[in-house]
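Q: fold the following.
(2 chains)
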Amino acid sequence: MADINIRKVEKFYGKNQVVHGVDLDIRNGEFIVILGPSGCGKSTLLRMIAGLEEISAGEIAIENTVVNKLEPRERGCAMVFQNYALYPHMTVAQNIGYALKVGGMRKAERMQKVEATAKSLGLDQLLDRKPAQLSGGQRQRVAMGRAIVREPKVFLFDEPLSNLDAKLRVQMRLEIRRLHRALKATSVFVTHDQVEAMSLADRLVVMNGGRIEQVGTPEEVYHAPASVYVGGFIGSPAMNFLPCGVSEDGTFAVIDNTQFRLPIDPGMGKTIAGQSVIVGLRPEDLKIVPEANDPHLLTVAFDFSEEQGSGRLMHGRLAGRDFVLHSAGRNHPAPGTPCSLSIAPESVHLFDPTTEKRVVAEGNPAAEPAAISQPDFAGAIQ
Amino acid sequence: MIERTPLLNIVTHVILVAGALLLIIPIWLAFVAATLTVAEVNSPNVHYLPGGELWNNLTAAWTRAEFGVKFMNSMIVAIAVVIGKVIISAISAFSIVFFNYRLRMVFFWVIFITLMLPLEVRIVPTYSVAANALYPFQTILDATGISWLIAQIAGVELSLEWNMLNSYTGLILPLVATATGTFLYRQFFLTIPDELVEAAKMDGSGPFRFFIEVLLPLSRTNIAALATIMFVYAWNQYLWPLLIITDRANYSTVVMELRRLIPGPDAIADWNVAMAGTLIVMLPPLLVVVLMQRWFVRGLISTEK
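A: From the prediction side, this is the model:
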């Protein structure tokens, strides 16, 4: 159990910088998920914590000890790899117990621990098998067992579920969550799957291009995305973005090149009155209004739809851009008919068109996502 | 691939049988010759079926070529080459593949170049090194004036010498120092996923432990393949032992002695004994190949999951 403090960490491969000054404080026992597209530096960051990559600049401290120069084995981390990385020539028991064997634990004690761990993961019938004789899910469990048995201070997961099929992934996700509740060890989990990230995380770290875009609870990240990037990345289908001009009194925004008006949270009005903004609208926050006659109400004709079971994704065009709506239930507008849409003011996300950062009401720090207001994360917001 | 091509099947089988016969007939004839009497083996009509003299011919060949000692020598050399080769190529490939150090690629190419210069090509310099393994160092010391300095200060003429002629060391070392095995291992080590190396690191295993407990068990089939190849290679050496062994009573190998069984122009043409000797000499490599073949093939294909 340990805090992890990451201070201004950078990583270069030759002249190519892949991690740009990341600051992050991970609290003891927390389950942190680092989310981002491939190539955003999330795995590199994890591997720097593990000690598998050198830290080019900055420092990483685990339990208040700077670990930059420590070997992986001295850092007290255990890691679960994407391809499990089991030793093919060892049995399940030997795989799980290898770290203990290297650590010099006596055989009797070691076997006892291995058996206890295997039992907790439902592997006790498979201890004599080789990895080649196991299914994907069982291998995944062995990889977890190998990490658990060491009772590490920190668990590191490098996209461990991406090789499993959809059903097994959901099941393992729950198991990891349950495991974390039982062990309470600090965990860092890297993934590009936002559903996985949302369901596992105590706090989410959204990364893009080697920088942290936002740190916050899944709710914060979803309901108050810190930037256009985060808004577009979290949520499926992605948020609709529309350039708008805000009215002089700050009560509504007009979508550029249309007469459609969008309501604005009253608390925000003063800050952005008369300015141009980018508005983000989540497809699931829009409601179809039957028989509305207001010419200022957002109206879109949808060309085609995708059935989702729980609802339908309606695709159309608005102000020269693609526009998506999630229509819940079973009654959906026919393709081609114009639909009037309403949205709650608090669901209208406002972003600065030049910095692409979320616009925050002046003198109202509460509206800001909590994690970002901490000075520690100041460096993360460029 | 499943195809219905009956005609092609027949053709391929004919080729296969022809190839097999081509390989087997000389060995069969050698075996038959080893079972005949001197008169029979020299009669104008070729015998295709074995006679009853095999045991007599074998014992004659064994005693005449003094195979007792020579067999021991050949075994010592072949086994030592196998062991030396397996160890040195595993270690050198381990270093080249898993460690990152300056001049790594230089060392890699130096090893690679030895592939292009087999023993037969560099036999003269190799002989001169075997005659005095420290000769290159002596040259360096002389050229840099260090030996002169030592002579001035200590009053001793420095002359380094390590003679390997007429010794097992001389027979073994030049055969161990080649690159073939290193490459076999390198290719295998390159297929080991990085994650496995990293997992071992996370488990706290140092490089030495990783080598012994993970790499070596995984390269079992490679070791078997290399051992088979090297055993046959070392056993069949003729030119090199011939060159450096003058003390034939103590250090010659069976392949060298086989030459003595071949009848000269003036002697009795007892090819039956010569062929019996061939059978004896062929036996150990044959046994090794037969016993190791399952592993051998797997090691060269190397796709064990």
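Q: tell me where the stretch 51-200 of chain B has helices.
A: Under the criterion DSSP state H, counting those that start in this stretch, the stretch 51-200 of chain B contains helices at B:54-64, B:67-98, B:104-116, B:123-131, B:135-144, B:146-154, B:168-176, B:180-190, B:194-202.
Q: same check, this time on the stretch 201-305 of chain B
A: For the stretch 201-305 of chain B, the helices defined by DSSP H, counting those that start in this stretch occupy B:207-209, B:216-218, B:220-235, B:239-244, B:248-251, B:254-261, B:271-301.
Q: likewise the stretch 1-150 of chain A?
A: Ranges of helices in the stretch 1-150 of chain A, per DSSP H, counting those that start in this stretch, are A:42-50, A:92-102, A:107-120, A:136-148.
Q: from the contact counts, what lies against the helix or strand where B:Ile15 lies?
A: For B:Ile15, the enclosing helix or strand under DSSP states H and E is helix B:6-33. Secondary-structure packing of helix B:6-33 (3 or more Cβ pairs under 8 Å, 6 or more residues apart in numbering or on different chains; DSSP states H and E): helix B:271-301. Where you see a C-beta, it was placed from the backbone N, CA and C, and this is true even at glycine.
Q: where are the low-confidence patches of the stretch 1-150 of chain B?
A: For the stretch 1-150 of chain B, applying pLDDT under 70 flags the ranges B:1.
Q: neighbours around the residue in it positioned nearest to chain A, how many?
A: The minimum distance from the stretch 1-150 of chain B to chain A, using Cβ to the nearest Cβ, falls at B:Asn100 (11.2 Å). Residues near B:Asn100, counting by other Cβ atoms under 10 Å in any protein chain shown, number 5.
Q: quick one on the thing from earlier: would you mark the buried spots in the helix holding B:Ile15?
A: B:Ala30, B:Phe31, B:Val32, B:Ala33 (16 or more other Cβ atoms under 10 Å in any protein chain shown).
Q: what pLDDT does B:Leu300 get?
A: Looking at B:Leu300, its pLDDT reads 68.
Q: coming back round to it: out of the helices of the stretch 201-305 of chain B, which gets nearest to chain A?
A: Comparing these by Cβ to the nearest Cβ, helix B:216-218 comes nearest, at 4.4 Å.
Q: residues making contact with the closest one?
A: A:Pro88, A:His89, B:Ala90, B:Ile192, B:Ile223 (Cβ atoms under 8 Å, 6 or more residues apart in numbering or on different chains).
Q: buried set for that helix?
A: Using 16+ other Cβ under 10 Å as the test for burial, helix B:216-218 gives B:Leu216, B:Leu218.
Q: try stretch B:232-240
A: B:Val232, B:Tyr233, B:Ala234, B:Trp235, B:Gln237, B:Trp240.
Q: so what's the third one up against?
A: With contacts taken as Cβ under 8 Å, 6+ apart, B:Ala234 has the following neighbours: B:Val77, B:Ala78, B:Val81, B:Val82, B:Leu175.
Q: if we can go back for a sec, now the buried residues of helix B:6-33 as CSV including distance to B:Ile140?
A: Formatted as CSV, these follow (distance: Cβ to Cβ, whole Å):
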residue, distance to B:Ile140
B:Ala30, 51
B:Phe31, 54
B:Val32, 58
B:Ala33, 55
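Q: now the stretch 201-305 of chain B, which segments are flagged as low pLDDT?
A: For the stretch 201-305 of chain B (pLDDT under 70), the answer is B:299-305.
Q: actually chain A, sorry about that
A: Confidence mapping of chain A against pLDDT under 70 gives the ranges A:1, A:363-382.
Q: if you compare the helices of the stretch 201-305 of chain B, which one is most tucked away?
A: Highest mean neighbour count of the helices of the stretch 201-305 of chain B: helix B:220-235, a mean of 22 (counted as mean count of other Cβ atoms under 10 Å in any protein chain shown).
Q: starting at the chain centroid, how far to it?
A: Chain-centre distance of helix B:220-235: 8 Å, with Cα atoms, centre = their mean, to the nearest Å.
Q: and if you look at stretch B:116-131?
A: Chain-centre distance of stretch B:116-131: 16 Å, with Cα atoms, centre = their mean.
Q: residues contacting it, please?
A: With Cβ under 8 Å, 6+ apart, stretch B:116-131 has contacts from B:135-136, B:163-165, B:170, B:173-175, B:178, B:239-240, B:243-244.
Q: now the buried members of those.
A: By 16+ other Cβ under 10 Å, the contacts of stretch B:116-131 give B:Met164, B:Leu165, B:Gly170, B:Leu173, B:Pro174, B:Leu175, B:Thr178, B:Trp240, B:Ile244 as buried.
Q: least confident of these?
A: Note: of the buried ones among the contacts of stretch B:116-131, the lowest pLDDT belongs to B:Thr178, at 77.
Q: check contacts around the residue lying closest to A:Met198 once chain neighbours are set aside.
A: If the residues on either side of it in the chain are set aside, A:Met198 comes closest to A:Pro218, at 4.5 Å by Cβ to Cβ, 6 or more residues apart in numbering or on different chains. Each residue near A:Pro218 by Cβ under 8 Å, 6+ apart is listed here: A:Ala197, A:Met198, A:Ser199, A:Ala201, A:Leu204.
Q: and the helices in the stretch 151-300 of chain A?
A: Here the stretch 151-300 of chain A has its helices, by DSSP H, counting those that start in this stretch, at A:166-183, A:194-200, A:218-223, A:228-233, A:269-272.
Q: would you mind giving the ones you listed as JSON lines with distance to A:Ala118 added?
A: JSON lines is the format used below for the helices of the stretch 151-300 of chain A (distance: least, Cβ to Cβ, whole Å):
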{"stretch": "helix A:166-183", "distance to A:Ala118": "14"}
{"stretch": "helix A:194-200", "distance to A:Ala118": "24"}
{"stretch": "helix A:218-223", "distance to A:Ala118": "32"}
{"stretch": "helix A:228-233", "distance to A:Ala118": "38"}
{"stretch": "helix A:269-272", "distance to A:Ala118": "58"}
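Q: return the most buried member of those.
A: Ranked by mean neighbour count under mean count of other Cβ under 10 Å, the helices of the stretch 151-300 of chain A are led by helix A:228-233, which reaches a mean of 23.
Q: and that helix, what does it pack against?
A: For helix A:228-233, the packing partners by 3+ Cβ pairs under 8 Å, 6+ apart are strand A:203-208, strand A:211-216, strand A:240-246, strand A:276-281, strand A:349-351.
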